Each structure stands twice: as C-alpha cells, then as structure tokens.
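Asker: next come a sequence and a model predicted from it.
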Amino acid sequence: MTLRQRPGRVRYLRLQNLRRRFLRGHPLHRHSLTAGQRARQAANLANGSTLLGLAVAGAARTRLQRGPRGLVLAAGYGWPLPVAGAFTLGNVVLCRCPAEAMLDRPELLGHEEKHCSQYAWCLGLPFIPLYLLAAGWSMLRTGNPGTGNVFERRAGLLAGGYPVHGKRAWS
C-alpha cells in the first residue's frame, strides 16, 4: 500500500513537516536546551513544583507562554499574594506584567531562572517553607525579605529588585 492510498497518513506527514519548519524558525526554539536546563526541567516536573505552578497559573487565569531556557511564563497574575511582581513555582514564572515585558527584562528573568534551579536542588516543594524561613530571618536582620535571604542573594539581589544593604530591624 502506498502513501497515496493512505490519505490520513499523508495529512499527518504534512502537519509534522509544517510543525518542524515552524519550530525551527521560531525564536523560542532556535537554541535547544542545555543538559542542565533539561535536567532542571525534568527534576521540577518530577518533584511536582512545576505542576503546582501550572495549577496556580490556571486558577489565577494567567496567560501561559513558553519562555526561554525551558521556562513557562504565566503573565497577568492578579492575586494579592505574594506581593512580588514576579515569582517562581518550579519552572513556571508567574508575573503581573505581560510576558513581553518580562522577556524585555533578561536580568529579572535570569533571577527567576535561578529560583527554578533552587527548586530542583531543594527537591521541589520543600523550597517553599525553606524560602519563607529565609525571608523571615532576612526581615529580622535587615528589615526586608530579600537582603539577608540566602536564596535571593544566590539569585542576585539587584536583578531581583532587592537592596544590597538593609537596615537592621532590631537596632
């Protein structure tokens, strides 16, 4: 039996070729992921943190878009907590601004990407209470949740919008 005798197969092959051509030229797919980015993506999927991010993004009715380096951008987050303009759950970056605005700030996107790696290193959801403890400790020491927070320091304080030097809260 030839391909001409199987019209469904021909349509399928045409769609596959169009998809390959589209993905090859699409700006988000020009560069394949590195081994580390793939490992982070797989780890955060396996540990459930990315699934939690997708669930929160869906519940908050955000607009999902593929981002660079294996990230998923969830734009238009409108819930009151957390107060931050952008935050990460697994490989999902939830932001209040449009995705294009987030893509225009590569330093902030890089900061959030480092948090994605921290989720993988903390085996997923344990990152959340560890982060909250570090933020509380930072509030006591510096008066803000980021300056003394080990997770924010390793992700880059300036890129995340935190002051490098805080004031002592109990002086």
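Answerer: Nice, thanks for sending it over.
Asker: okay, domains of the chain per the record?
Answerer: 1-30, 32-113, 126-171 (automatic domain parsing).
Asker: nearest to Ala120, of those domains?
Answerer: Nearest to Ala120 among the domains of the chain is domain 32-113; the distance by CB to CB comes to 4.0 Å. For the C-beta atoms, the positions are set from N, CA and C on the backbone; glycine is no exception.
Asker: any chance of JSON lines for the domains of the chain, columns distance to Tyr119?
Answerer: Putting the domains of the chain into JSON lines (distance: least, CB to CB, whole Å) gives the following:
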{"stretch": "domain 1-30", "distance to Tyr119": "21"}
{"stretch": "domain 32-113", "distance to Tyr119": "5"}
{"stretch": "domain 126-171", "distance to Tyr119": "5"}
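Asker: single out the most deeply packed of these.
Answerer: Highest mean neighbour count among the domains of the chain (mean count of other CB atoms under 10 Å): domain 32-113, with a mean of 18.
Asker: if we can go back for a sec, dump the domains of the chain into a markdown table; add mean pLDDT and distance to Ala120 as well.
Answerer: Output for the domains of the chain, formatted as a markdown table (pLDDT from 0 to 100; distance: least, CB to CB, whole Å):
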| stretch | mean pLDDT | distance to Ala120 |
| --- | --- | --- |
| domain 1-30 | 50 | 21 |
| domain 32-113 | 96 | 4 |
| domain 126-171 | 90 | 9 |
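Asker: thanks a lot, catch you later.
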